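> Let's see this in three dimensions:
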Amino acid sequence: MCLLRAAGIALALVSAAAACGALERAWAGHWEEREVRVWVPGHYEKVWVPSEYRTIYPNGRAVTIRVRGGYWKVVWVPGHWRVERVRVWVETRARPVPPAEAPPQSMFCGSTYADFVNSA
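Residues are numbered from 1 along each chain as shown. As a prediction, this is how the structure comes out:
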């Protein structure tokens, strides 16, 4: 059996399940945003320390000189708690579809996989 036909059969079976209401019952729920405390372990960071300048007044005129050039410094950042907002799926109890709201029956409802493959 070629892959294209296999993909078509899988798609047809998923569509049949959706028509029978099986997917509605399986995926009942909603998305919520929650705040979660996350522990961030301690780590080293590279920090840029800017140059230092000083103004001096030789002969009464202001002259700015660089005392020390900028450099990178490695500092330890201790571990800490951070609050993050995450989106989580909250499942609700699946309710069966009442007969009044039931989708129309398709030719696949009540059939088996073998029935579908043999008809194709």
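
> What pLDDT does the model give the spatially closest residue to P50 that is not a sequence neighbour?
Nearest residue to P50, sequence neighbours excluded (C-beta to C-beta, 6 or more residues apart in numbering): G70, at 5.0 Å. Where C-beta positions appear, they are placed from N, C-alpha and C, glycine not excepted. We have a pLDDT of 95 for G70.

> was I right about G70 contacting V47?
No. At 10.9 Å, G70 does not count as touching V47 under the criterion of C-beta atoms under 8 Å.

> related to what we said a few turns ago, burial check on the residue nearest to P50, number of neighbours?
By the criterion of other C-beta atoms under 10 Å, G70 has 11 neighbours.

> Show me how the record splits the chain into domains.
1-28+93-120, 31-92 (automatic domain parsing).

> ok, of these, where does mean pLDDT dip lowest?
Among these, domain 1-28+93-120 carries the lowest mean pLDDT, a mean of 56.

> Any idea how many residues pack against G29?
13.

> For W72, which residues are in contact?
Counting by C-beta atoms under 8 Å, 6 or more residues apart in numbering, W72 makes contact with 46-49.

> Just give me the closest of the residues you listed to R82.
V47 (19.2 Å; C-beta to C-beta).

> could you measure that closest one against E33, distance?
Look at V47 and E33: by C-beta to C-beta, to the nearest Å, they are 33 Å apart.
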